[in-house]
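In: Show me the folded form of this:
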Amino acid sequence: MMRSLYAGVSGLQNHQTRMDVIGNNISNVNTYGFKRGRVSFQDMISQQINGAARPTEEVGGVNPKEVGLGMSVASIDTIFTQGNLQTTGVSTDLAIQGNGFFVLKNGDETFYSRAGVFGVDSEGTLVNPANGLRVQGWMAEDANGRQIVRTSATPTDIVIPVGQKDPPKATENVRYFCNLNKNTPEIPENPTADQLLEGTWQTEINIYDTYGNAHQVQMNFSKVPGNPNQWNVSVNVDPDNAEFTQTRIGFGTTDGVANTYTLNFDNTGKLLSVADSAGNTSNPEGEIVLQASYNVADSNPDNAGNPYRHTFSLSLGTIGSMENTITQAASKSTTKANFQDGYKLGYLDNFKIDQSGTITGVYSNGSVRTIGQVAMASFTNQGGLEKKGDNTYAESINSGMANIGESGTQGKGSMLAGTLEMSNVDLTEQLTDMIVTQRGFESNAKTIQTGDSMLETVINLKR
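Out: Residues are numbered from 1 along each chain as shown. Here you go, the predicted model:
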């Protein structure tokens, strides 16, 4: 008689636990990155009244007679299914599509989270603004002008230096491609202004000196009279101040040369050779690279009192190629400089985060460079993580150690900026579970009530 009472008590207690989990799920239905819980029940040990008997020659076998003593909670599992993604438009908001966790730090303590509600604090550190936990990743390192992120290193705080200066960079390389019109008329010996204008193709591009000052590079292309496949080119940096800048261009050096060079094409319009004013010519194969230099105003003179000269490389493409080089074809002249690598002083005024978690800074001078990369962690058994509140988890002895690396590797998902992962709680499912749990609770209460009535009947037998 008493066994049913205690079985009913265990049912009440454990259905209450299940209701607690359901209530927590429903309360977090709109919590970013929340993962719902699930309660599993199991029966408790059974009391054996009679044991089993094996078959004999006379009778068959007999099954054991056992009375169960109630039920208990087998497990309370965290279900890590993917939540729906919601676009927020906030550049620091991150969502994980697939497996993985963000890595957060509080001093020496490490936490893991699916909630990517991040922001930048007063020091530029990427943090969770609700609790100050710092997002972990890797800062880019400068290697000869290139930014490299070493994801094999130990993760550290990510700092986005909004407003940071980007020093000016002097132009080192300029590239010219495209076409010179084969049908451009030659310039006669004593040309008129119209003939000079019609027979000259002029291009300009801005380059930068070591101070970040912009300088206009003007190149004038004109056909050599009597030679249909040859062009003379003059180069002037800041043509309005050409007397001071004294532009020079040549192969290997700018000493002893003028500001002109000659282009030679074959009968198919491909570049055949290039010669500077000193008679130095390009290699018969490979890329054509000239050196150009000019005087920089308001600079410290050298020991001889001469102004500082800025030198840069001018690439015209590859000999014998029709792509990525200057050509001569019966089509409109389109020869323009398509690349130069200098820029003025700038400030970091924007940044973006891509699917790999790489943070790219956009500066006011137009330069773009890698700032760092957000780290991700994965676990052999993510269900073994311990909940620590604030949408965070911590390692346990059954979760396994965190495997920290970049997204998209070793089973880790990808990151989506400007997006947050919603809770994976399904209200329909939870409300249905609530009904089933309520009925289970009521039924167990009825078991106790019925058992109590039966005991009362037994007690009343003596009256």
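In: Please name the nearest non-neighbouring residue to Thr31.
Out: The shortest distance from Thr31 to any non-neighbouring residue, by Cβ to Cβ, 6 or more residues apart in numbering, is to Ser423 (5.2 Å). Glycine gets a C-beta too; all of them are placed from N, C-alpha and C.
In: For burial, what's the neighbour tally of Ser407?
Out: Residues contacting Ser407 under the criterion other Cβ atoms under 10 Å number 25.
In: so it sits right up against Ser378, yeah?
Out: No: using Cβ atoms under 8 Å, Ser407 is not in contact with Ser378, being 10.0 Å away.
In: so where is the stretch 151-300 of the chain shaky, pLDDT-wise?
Out: Nowhere does the stretch 151-300 of the chain drop to pLDDT under 70.
In: again, only this time at 90
Out: Residues of the stretch 151-300 of the chain that meet the criterion pLDDT under 90 lie in 161-166, 176-179, 186-199, 201-204, 224-228, 252, 282-287, 297-300.
In: can you map out the helices along it?
Out: Here the stretch 151-300 of the chain has its helices, by DSSP state H, counting those that start in this stretch, at 193-198, 242-245.
In: hey, which of these is tucked in deepest?
Out: Across the helices of the stretch 151-300 of the chain, averaging neighbours per residue (mean count of other Cβ atoms under 10 Å) puts helix 242-245 on top, at a mean of 14.
In: And the residue lying closest to Lys344 once chain neighbours are set aside, its phi and psi?
Out: Nearest residue to Lys344, sequence neighbours excluded (Cβ to Cβ, 6+ apart): Gly212, at 3.8 Å. Dihedral angles of Gly212 (phi, psi; degrees, to the nearest 10) stand at phi 90, psi 10.
In: Would you check that Gly212 makes contact with Pro168?
Out: Yes: using Cβ under 8 Å, Gly212 is in contact with Pro168, at 2.8 Å.
In: tell me, what's touching these two both at once?
Out: 343-345, 365 (Cβ atoms under 8 Å, 6 or more residues apart in numbering).
In: Let's see if you can find the most crowded of the residues you listed.
Out: Neighbour tally across the shared contacts of Gly212 and Pro168 (other Cβ under 10 Å): the maximum, 22 neighbours, falls on Tyr343.
In: How much space separates the residue lying closest to it once chain neighbours are set aside from Asn280?
Out: Excluding the flanking residues, the one nearest Tyr343 by Cβ to Cβ, 6+ apart is Asn365, at 4.5 Å. Separation of Asn365 from Asn280 (Cβ to Cβ, to the nearest Å): 35 Å.
In: So what does Pro168 have for phi and psi?
Out: Per degrees, to the nearest 10, the backbone of Pro168 is at phi -60, psi 150.
In: Surely it is in contact with Leu345?
Out: Yes: the pair Pro168 and Leu345 qualifies as a contact (Cβ under 8 Å) at a distance of 4.8 Å.
In: So for Gly61, what's the pLDDT?
Out: You'll see Gly61 listed with a pLDDT of 90.
In: Chain neighbours aside, what residue packs nearest to it?
Out: Spatial nearest neighbour of Gly61, chain neighbours left out: Pro55 (4.3 Å); criterion: Cβ to Cβ, 6+ apart.
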